[in-house]
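Colleague: any chance you can model this:
(chains A and B)
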Protein chains: 2
Amino acid sequence: MKTIKLASMPTIKRLPAYLHVVETAARDGREYISGTVIAEELELEPIQVRKDLATTGIIGKPRLGFPVAELIEAINAFLDWCNVHNAIVVGAGHLGSALTGYEEFRRRGLNIVAAIDAESHKVGSTVNGVPVFAPEELAETVKTFEITLAVLTVPSPSAQSVANQLVDCGIKAIWNFTNVKVKVPEDVIVQKEDLTSGYAMLSVKMRAQKLSS
Amino acid sequence: MKTIKLASMPTIKRLPAYLHVVETAARDGREYISGTVIAEELELEPIQVRKDLATTGIIGKPRLGFPVAELIEAINAFLDWCNVHNAIVVGAGHLGSALTGYEEFRRRGLNIVAAIDAESHKVGSTVNGVPVFAPEELAETVKTFEITLAVLTVPSPSAQSVANQLVDCGIKAIWNFTNVKVKVPEDVIVQKEDLTSGYAMLSVKMRAQKLSS
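Modeller: Just a heads-up that it's a prediction; the model follows:
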């Protein structure tokens, strides 16, 4: 496997926020948006915004700023959000159900087409319009729906064994919402979502707030 | 207000993962854990781990590594996770409900004691044992339960108006799960949780995977 150089992680993570601001500008009928306006909206340094956006290959015009339509296209192309990824949610509890109903995902090419749940009373029903299948139906469901991405929202004790099953079904990308660091073969991508990271940030800021007030 | 220097954001965001690894070592009865072992477990550079952990004031011993019990205490103290924060979830939909049931939060001092929902059939019921109140009861609930933190999981169009109400009730910290960048007075902390950031990372990695296979 060749190694592809990725943009820096913080830059990539900020791109959706830029996209959001620029899309709002487009809806407001604006043709150009300056890096400074984007920076103010997101409380970032203008130089940071220009560096981040340069990653997508877009160049602003002096005095005018970035052309809105092209910038939207450039960010979407960079994130590969023009292509649709069929996804399966494994574990249709509260979090899994919330993710099936997350409108923005669909607009960004994340197409959740099926869910798996171990509770038999959920099997055969739908969550936000997404059909729920039994664990035994995983391999078949992945094949039928041409699924390339799995969203892992099972209870932590099942995380590794379910990840193994996903790998056996040929899944090459797992979005892991459990607090287990699952082990997978080298050619499988795992993106771990850790809600306690955000809480850690919040806690540190709250402590600083308390100290400074 | 004095300005307090915070540790770098990526460092803070990694601390919960360190805590998780070190707690596992403690459960396995280990007295010391080396930076190298932590680094391997989390797929980080050992130098990064040592730098991050130094932030909490802990120093490893040559050959032995970090004392497990002290390291756990240092991380918890740094994150202020020994103190309990009473929190309210505003918007008891799927995501809000998922958060009330997130076991790890409680262990980290995030004590969700109440929820608010605009749907009248939910009011008076409980979600994962957490009582649900009506929007009109917000101010009273905040007072009764001595709530200092609000978790914002309302639909995006309501995000700003609900944030305003939270500020009016004296809330000084908001964990924002909507995709709206809410405006608040300077002395109010907002931590925005953006699920599309993780999806952006995943998308870029999947594109790189496709290109390299």
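
Colleague: which residues of chain A score low on pLDDT?
Modeller: Counting by pLDDT under 70, chain A contains low-confidence residues at A:1-6.

Colleague: list the contacts of the residue most central in space within it.
Modeller: Nearest to the geometric centre of chain A sits A:Phe105, at 7.4 Å (C-alpha atoms, centre = their mean). Residues touching A:Phe105, when contacts are defined by C-beta atoms under 8 Å, 6 or more residues apart in numbering or on different chains, comprise A:Leu99, A:Asn111, A:Ile112, B:Leu195, B:Thr196, B:Tyr199. Using the backbone N, CA and C atoms, a C-beta is placed for each residue, glycine as well.

Colleague: can you get me a residue count around the third one?
Modeller: Residue neighbour count, defined by other C-beta atoms under 10 Å in any protein chain shown, stands at 25 for A:Ile112.

Colleague: surely it meets A:Gly101?
Modeller: No: at 9.1 Å, A:Ile112 does not count as touching A:Gly101 under the criterion of C-beta atoms under 8 Å.

Colleague: skipping adjacent residues, who's closest to A:Arg30 in space?
Modeller: Spatial nearest neighbour of A:Arg30, chain neighbours left out: A:Val68 (5.7 Å); criterion: C-beta to C-beta, 6 or more residues apart in numbering or on different chains.

Colleague: likewise for A:Gly101?
Modeller: Taking C-beta to C-beta, 6+ apart as the measure, A:Gly101 lies nearest to A:Asn128, with 3.9 Å between them; neighbours along the chain are not counted.

Colleague: got it, and A:Thr148?
Modeller: A:His85 (5.5 Å).

Colleague: next, the residue nearest to A:Arg30: phi, psi?
Modeller: Geometry field for A:Val68 lists phi and psi as phi -60, psi -50, criterion degrees, to the nearest 10.

Colleague: in contact with A:Gly93, which residues?
Modeller: A:Gly93 makes contact with A:Asp117, A:Thr153, A:Pro155, B:Ala98, B:Gly101, according to C-beta under 8 Å, 6+ apart.

Colleague: and the gap between the second one and chain B?
Modeller: What it means is A:Thr153. Counting by C-beta to the nearest C-beta, to the nearest Å, the gap from A:Thr153 to chain B is 9 Å.

Colleague: same question for the third one.
Modeller: For A:Pro155, the distance to chain B under the criterion C-beta to the nearest C-beta works out to 9 Å.

Colleague: ok, that residue touching A:Val90?
Modeller: No: under the criterion of C-beta under 8 Å, A:Pro155 is not in contact with A:Val90, lying 11.1 Å apart.

Colleague: so between the two, which is more surrounded?
Modeller: With other C-beta under 10 Å as the criterion, A:Pro155 and A:Val90 differ in neighbour count, and A:Val90 comes out ahead with 28 against 13.

Colleague: okay, and the beta partners of the closest residue to the more buried one other than its chain neighbours?
Modeller: Counting by C-beta to C-beta, 6+ apart, the nearest residue to A:Val90 once its immediate chain neighbours are dropped is A:Ile116, at 4.7 Å. Here A:Ile116 sits in beta bridges with A:Val90, A:Phe133, going by DSSP bridges.

Colleague: any idea how far the residue with the largest distance to the centre of chain A lies from B:Glu70?
Modeller: For chain A, the C-alpha farthest from the mean C-alpha position belongs to A:Ser213; by C-alpha atoms, centre = their mean, that distance is 36.1 Å. Plainly put, A:Ser213 is 30 Å away from B:Glu70 if you go by C-beta to C-beta, to the nearest Å.

Colleague: ok, the residue nearest to A:Gly101 - contacts?
Modeller: A:Asn128 makes contact with A:Ser97, A:Thr100, A:Gly101, according to C-beta under 8 Å, 6+ apart.

Colleague: list buried residues within those residues.
Modeller: Among the contacts of A:Asn128, those classed as buried by neighbour count (16 or more other C-beta atoms under 10 Å in any protein chain shown) are A:Ser97, A:Thr100, A:Gly101.

Colleague: can you give the domain ranges for chain A?
Modeller: Per the record, chain A has its domains at A:9-79, A:85-196, by automatic domain parsing.

Colleague: just send the ones you listed back as TSV, with distance to B:Ala39 too.
Modeller: Output for these, formatted as TSV (distance: least, C-beta to C-beta, whole Å):
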stretch	distance to B:Ala39
domain A:9-79	17
domain A:85-196	13
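
Colleague: out of the ones you listed, which gets nearest to B:Val184?
Modeller: Smallest distance to B:Val184 across these (C-beta to C-beta): 11.7 Å, for domain A:9-79.

Colleague: kindly check the end-to-end length of the closest one for me.
Modeller: 12 Å (C-alpha to C-alpha, to the nearest Å).

Colleague: same thing with stretch A:21-38?
Modeller: Its first and final residues considered, stretch A:21-38 spans 7 Å by C-alpha to C-alpha.
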